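Enquirer: Here is my input; please provide its structure:
(3 chains)
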Amino acid sequence: MKVKGRNIEERFFKILMIISALIVVGSFFLIVGTIVVKGAPAMSWDLITKVPSGGFFLGGEGGVLNAIIGSFYIAAGSSLLALLISLPVVIYINTYLRKRSWLGNLTRMGYDVLFGIPSIVYGAFGFTLMMYLGMRASLLGGIIAVTLLVIPIMIRTMDEVIRTVPNELYEATFSLGATRLETAWVILKQVAPGIMTAILLAFGRGIGDVASVMFTAGFSDNIPTSMEDPTATLPLAIFNQLSSPYEGVRAKAYASALILTIFVLIISVLARLLSKKFSKNKV
Amino acid sequence: MNIRILKDKIAGRTMLVLTLVSILLAVLVAWGLFYRSLPLLENYSLTDLLTSSAWKPEKGEFGFLGFIMGTLWVTAIAIILALPLCLLVSIYLSEYAHPRLRKLIVPVVDLLSGIPPVLFGVWGVLFIIPLIQDHIAPSFVDNSAGYSVLAGGIVLAIMIFPLLITLFLEVFSTVPRDMLNASLSLGATPWQTVKKVLLKKAMPGMIASTVLAISRAFGETIAVLMVCGGNVPGIPHSVFDSGYPLPVLIANNFGETFSVPLYDSALLFAALLLFVIIFIFNAVSRIILARVKRKIE
Amino acid sequence: MTFETPHIRVQDLNLYYGANHALKNISIDIPDKKVTSFIGPSGCGKTTLLKTFNRLHDSSLEVKVEGKVLLDGEDIYAKGVDVTAIRKKMGLLSQRPFPLPMSIYDNIAYGPRIHGERDRHKLDHLVEQYLKDVALWDEVKDRLKAPASRLSIGQQQRLCLARGLAVEPEIILGDEPTSALDPVSTQKIEELFLQLKEKYTIVLVTHILRQARRVSDYCAFVYMGEIVEFAPTEQLLLDPKEKLTKDYVRGFLS
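Expert: Sure thing, here's the model as predicted:
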C-alpha cells in the first residue's frame, strides 16, 4: 500500500542522509588523518628551524624555515594591506550610506563576485601588473597578489558582522549628536572580535594559497630580508618537494604539509571561536 | 565650519573614493587580462581558439579545446559526486538532525573549508591516487597510473562540500517554517515535506548555489594540477585518462615561456576565459541568491 | 469541567523549551463537535498548547513534553504512535496563511495525494467539494492551475482551511487564524467555523474576546502556562469565577 511504501522511502532516505553526513565529516578526518600519519614520522626540529642546504631537493639536509617565514610575511603583509583597504570600504557602506543604497548593494554584489574569482587569475593578473611596473618576483609582489585575493574575503566577513549591529545602536549614537565617523568608531568597538575573525580568515587563506604566489613571489632558499627579495612559501615548498623523485624529499613534503595543517587548523578554530558571538542565529 | 563635521566629511570622501576604486578592481583585472590577450586575439579567430584541440605553441597552434574539455570533465565529476551528497547532508542538518548534532557537524564543515588547496592535493596523491590505481581502475581498464580526471573530480568534490552545504543551508533557512509545518499537519512525512515543499520552494536558490560551486570547481588550480596528471594536452576519453584543465595550463607554463611568441598572450587569454566565465556565473547566481534572501526580509 | 467522552483529553501536560517551563500541569477536556477557544495574553502558552495536539513540537528538538494527550482515549505521545496518522486527523490553520508552493488545485490535492489517492476524477471532485465548503470555488474555479500565492490573503486562508479539510480530519486547530485578515475575510472564516462544527471538533486560539464569544461554545483562559479557568463561553466571559480571569476579561491584564 501507498502509506507503507512511504515509510520505507522515509527510512531509506534517512539512512542515505546519515551516510552522506558520515562521508562529509569523515573526509575531513581522513584528510587530516592521512597527513598526520604520513607527516609525523618525517617531522624533525631541523625541518622547522633550518633553511634548506645545498641540494635540498635532491635529498640534501635542511628544512623549510625559509618557506614558513616567507608564508608568514606574505600572509601578514597582505592581511594588513587588505585591512587598510577593506575597513574604510565596510565603514563607508554601513555608516555613510543608507540601508539598501544602490552603491552599497553594488559594492556588496561586486565583492561577492570577486570572492569567486580563482586565485590563479589574481596570480596571473598580479604578475602582469608587476611586469608593467617593472618589478620581478618578490615578497612585495606576493603580498600584492595575495592582497587582491583576500580583500573580498575580508570585506564580506566584516560586512556580515557589522550588519548584525542593531539599528538602535546607530540611532542612539546619532541622537547624541555624533557624526557618522564617530558613530563608526562605536560600531567598530562593538564588533571588534568580528574584525579579528575577518583578519584571521584572510590570514588563513593567504598562508595556504599557491596559485596566487607561484609567479609573483618566486622561490628562494633564503629568508627574505627586503621587499625586493624573492620569497618561498610553505604551500609552494610542499608542492615542489612532492614532485621530487626522491622518497626522502617527498617525506619532507608530508611533514611540511603537517606543519601547514596545524597552522590553518589553529587559525580556523580561533576564527570560529571569535565569530561565535555573531553567529548565534546562523549555523 | 565645525572641525568634527569637517573631519567627518573628509573621511567620507576618502572612503567613497576607496570604495569606488576597489570596486573598479574587477574592471581593472578584466581590462589587464584582455589587453594582454589582444595579440593572440588579433591573430586568431575566437572560434578557432575555442574549437581546436591542436596545442603546439612553438608552431603557432593554439587550440584550447583540450583544456576546456579537461576543465569540464573534472568539474562534471566533482558536481556529480558532491551534489547529491551535499543535498542530503543539508536536508539532514536542516530538517532531521538534533541541534546538538548540528553543532558538531557544522564546525567540521567549516574546518574543511579552511584547508588550503595544496593539502587537498597532498592528500589526493597519498590517498586517492593509490586507491584509483590499485582498486578502482583495474576493474575497468588495463593500466592506469591513478593520475586522472577521476582523481581530480574526487578531490574537487570534497573541496566544494563546504561551499555547497553552507549555501544550501542558507537557502533552506529562507523557506518559512510554517509552510513546512502546514505540510506536516496534513499528515505528510518529513521526507514528503522535503520533497514536495522544501526542495520546490528552495529550487532557484539551490540552482544558484550549484552554479557557484561549478564556478569554484572551474578555477581550482593547484589540487587539480597535483592529481590530474596533465602534462600532455588532449581531450580525455574516460574518467581514467589524465586531464589538463585550463588553470593547470596557466600554472604549469606561466612566467617561463616568454621566448615563444604569443605563448604568454595565450596563457593570459586562458586566464581571461576563466575570469569571464566565472564572473558571469558568479554574478548571475549571486543576484538570484540575493533575491531569494530579500524575499523573506 | 470534564466531559464523559471528550474528543481530546489532556492529562498533567508539562512542556519545556530548554530550561523554560512553558506549560504547567495542564489538564483539559476538549468536547466533541463543539468549538473550544483558548484565550489569554500573548506569550501565555495558548499556541504552544494547541501545537501539542498534533505533535508539531516534534520538529523542534529542544522541546520536551511530559504527560498525556488522549485522542479518543489513546495517548498520542505513547511509543510507536504513527505521528502522521495523528496529524491527518487534525487540520491546522496558522496565523498567516501558508499556501504550499504549487497551484491552487495542487494545494487541495496535496493531502489526498500523499495519503495515496491517485485517481484524477476523484481528486477533481475532492478539490471542487472542499473549495465549495470554504466558499472559494466560485472565486477560483477558472484558475485552478494558477499559483496559490496569487490569491489575496483572505482567499489564501480559506484555501488553507480547504486544504486541511481535504485530508478528512476530525479536528480543526485554529491558531489565531484571522489575525492577518481584514474584517470581511475574518467574518467569512468565522461563519465557516460555525458551519463546520456540525462535522468537526474545533479548537481555536484567539486573543480577540469578541471572536471567542461569537464562535465558541467553551472557553479556556490560559495565563503564564496554566489554565486558569475553563467554562462555557458565556459564563467565562460574563461571570468568571477566578480573579485573574475577571481582570483579563475586563481588560486589566493584557
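
Enquirer: From the chain's centroid, how far away is stretch C:82-99?
Expert: Stretch C:82-99 sits 8 Å away from the centroid of its parent chain (CA atoms, centre = their mean, to the nearest Å).

Enquirer: Find the least confident helix or strand in chain A, judged by mean pLDDT.
Expert: For chain A, using mean pLDDT, DSSP states H and E, the weakest element among its helices and strands is helix A:167-175, scoring a mean of 81.

Enquirer: Please see if it touches chain B.
Expert: No: legend: contact between helix A:167-175 and chain B by CB under 8 Å from any CB of the partner chain is lacking; minimum distance shown is 11.8 Å. From N, CA and C alone the C-beta is placed, and that goes for glycine too.

Enquirer: Nearest residue to whichever residue of the stretch 151-254 of chain C sits closest to chain A in space, ignoring adjacent ones along the chain?
Expert: Of all residues in the stretch 151-254 of chain C, C:Val167 sits closest to chain A, at 12.4 Å by CB to the nearest CB. Closest residue to C:Val167 apart from its sequence neighbours, by CB to CB, 6 or more residues apart in numbering or on different chains: C:Gly111 at 3.7 Å.

Enquirer: ok, then the element right after the helix or strand that contains that neighbour?
Expert: Assigning secondary structure by DSSP states H and E places C:Gly111 in helix C:104-114. Stepping forward along the backbone from helix C:104-114, the first helix or strand reached (DSSP H and E) is helix C:120-133.

Enquirer: Does the residue nearest the centre of chain C fall in a helix, a strand, or a coil region?
Expert: The central residue of chain C, meaning the one whose C-alpha is nearest the mean C-alpha position (CA atoms, centre = their mean), is C:Leu173 at 1.2 Å. Reduced to three states with DSSP: H, G, I helix; E, B strand; the rest coil, the structure at C:Leu173 is strand.

Enquirer: So A:Leu129 versus B:Trp31, what's the distance?
Expert: In this view, A:Leu129 and B:Trp31 are 11 Å apart by CB to CB, to the nearest Å.

Enquirer: Between those two, point out the one with more neighbours.
Expert: With other CB atoms under 10 Å in any protein chain shown as the criterion, A:Leu129 and B:Trp31 differ in neighbour count, and A:Leu129 comes out ahead with 18 against 12.

Enquirer: List the contacts of the helix or strand hosting the more buried one.
Expert: Under the criterion of DSSP H and E, A:Leu129 resides in helix A:119-133. Helix A:119-133 has contacts (CB atoms under 8 Å, 6 or more residues apart in numbering or on different chains) with A:136-137, A:141, A:144-145, A:148-149, A:209-216, B:29, B:32-33, B:36, B:219, B:221, B:247, B:250-251, B:254-255, B:267-268, B:271, B:274-275, B:278.

Enquirer: okay, that helix in PDB with CA atoms only?
Expert: The C-alpha trace of helix A:119-133 is given here as PDB (Å, rounded to 0.1, in the frame of the first residue of the first chain):
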ATOM      1  CA  SER A 119      43.500  32.700  -7.200                       C
ATOM      2  CA  ILE A 120      45.200  31.700 -10.400                       C
ATOM      3  CA  VAL A 121      43.500  34.600 -12.100                       C
ATOM      4  CA  TYR A 122      44.800  37.000  -9.400                       C
ATOM      5  CA  GLY A 123      48.200  35.400  -9.700                       C
ATOM      6  CA  ALA A 124      48.300  35.900 -13.500                       C
ATOM      7  CA  PHE A 125      46.900  39.400 -13.200                       C
ATOM      8  CA  GLY A 126      49.300  40.300 -10.400                       C
ATOM      9  CA  PHE A 127      52.300  39.100 -12.500                       C
ATOM     10  CA  THR A 128      51.100  41.100 -15.500                       C
ATOM     11  CA  LEU A 129      50.800  44.200 -13.300                       C
ATOM     12  CA  MET A 130      54.300  43.600 -11.900                       C
ATOM     13  CA  MET A 131      55.800  43.300 -15.300                       C
ATOM     14  CA  TYR A 132      54.100  46.500 -16.300                       C
ATOM     15  CA  LEU A 133      55.600  48.200 -13.200                       C
END
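
Enquirer: Next SSE downstream of it?
Expert: Using DSSP H and E, the next helix or strand after helix A:119-133 towards the C-terminus is helix A:139-162.

Enquirer: Up against chain C, what does the stretch 1-150 of chain B have?
Expert: B:Glu95, B:His98, B:Pro99.

Enquirer: Quick check: the first one touching B:Gln192?
Expert: Yep, that's B:Glu95 we're talking about. No: B:Glu95 sits out of contact with B:Gln192 when judged by CB atoms under 8 Å, with a separation of 11.5 Å.

Enquirer: between those two, which one's more packed in?
Expert: Taking neighbours as other CB under 10 Å, B:Glu95 and B:Gln192 compare with B:Gln192 leading, 21 against 16.

Enquirer: show me what contacts that one?
Expert: If you count contacts by CB under 8 Å, 6+ apart, B:Gln192 has them with A:Arg6, A:Glu10, B:Ser183, C:Ile114.

Enquirer: who are the neighbours in contact with the first one?
Expert: This points to A:Arg6. Under the criterion of CB under 8 Å, 6+ apart, the contact partners of A:Arg6 comprise B:Thr189, B:Trp191, B:Gln192, C:Ile114.

Enquirer: Give me the pLDDT value at it.
Expert: Note on A:Arg6: pLDDT of 76.

Enquirer: can you give me how far the strand or helix carrying it is from the chain middle?
Expert: Under the assignment given by DSSP H and E, the secondary-structure element containing A:Arg6 is helix A:2-39. When C-alpha coordinates are averaged (CA atoms, centre = their mean), helix A:2-39 and its chain have centres 28 Å apart.

Enquirer: Now it: buried residues?
Expert: Residues A:6, A:10, A:13-14, A:17, A:20-21, A:23-25, A:27-28, A:31-32, A:34-36, A:38-39 are the ones in helix A:2-39 that count as buried (16 or more other CB atoms under 10 Å in any protein chain shown).

Enquirer: Stretch B:135-147 now?
Expert: Residues of stretch B:135-147 classed as buried under the neighbour-count rule (16+ other CB under 10 Å) are B:Ile136, B:Ala137, B:Ser144, B:Gly146, B:Tyr147.

Enquirer: wait, which of the residues you listed is closest to chain C?
Expert: Nearest to chain C among these: B:Ile136, at 39.4 Å, using CB to the nearest CB.

Enquirer: Next up, the contacts around that closest one.
Expert: Contact analysis of B:Ile136 by CB under 8 Å, 6+ apart lists B:Leu150.

Enquirer: For it, give me the pLDDT.
Expert: B:Ile136 is given a pLDDT of 86.

Enquirer: Enumerate the residues of the stretch 51-200 of chain A near chain B.
Expert: Residues of the stretch 51-200 of chain A lying near chain B (CB under 8 Å from any CB): A:85, A:88-89, A:91-93, A:96, A:103, A:106-107, A:109-125, A:127-129, A:137, A:148, A:151, A:179-182.

Enquirer: In terms of helices and strands, where is C:Ala180?
Expert: Element membership of C:Ala180, judged by DSSP H and E, is empty: it is in no helix or strand.

Enquirer: Now it: closest residue in space, sequence neighbours ignored.
Expert: Closest residue in space to C:Ala180, ignoring its immediate chain neighbours: C:Arg96 at 4.6 Å, by CB to CB, 6+ apart.

Enquirer: Surely the one you found is within a strand?
Expert: No: using three-state DSSP, the secondary structure at C:Arg96 is coil, not a strand.

Enquirer: Can you verify my assumption that it contacts B:Asp178?
Expert: Yes: in terms of CB under 8 Å, C:Arg96 counts as a neighbour of B:Asp178; the distance is 7.0 Å.

Enquirer: Cheers, nothing more for now.
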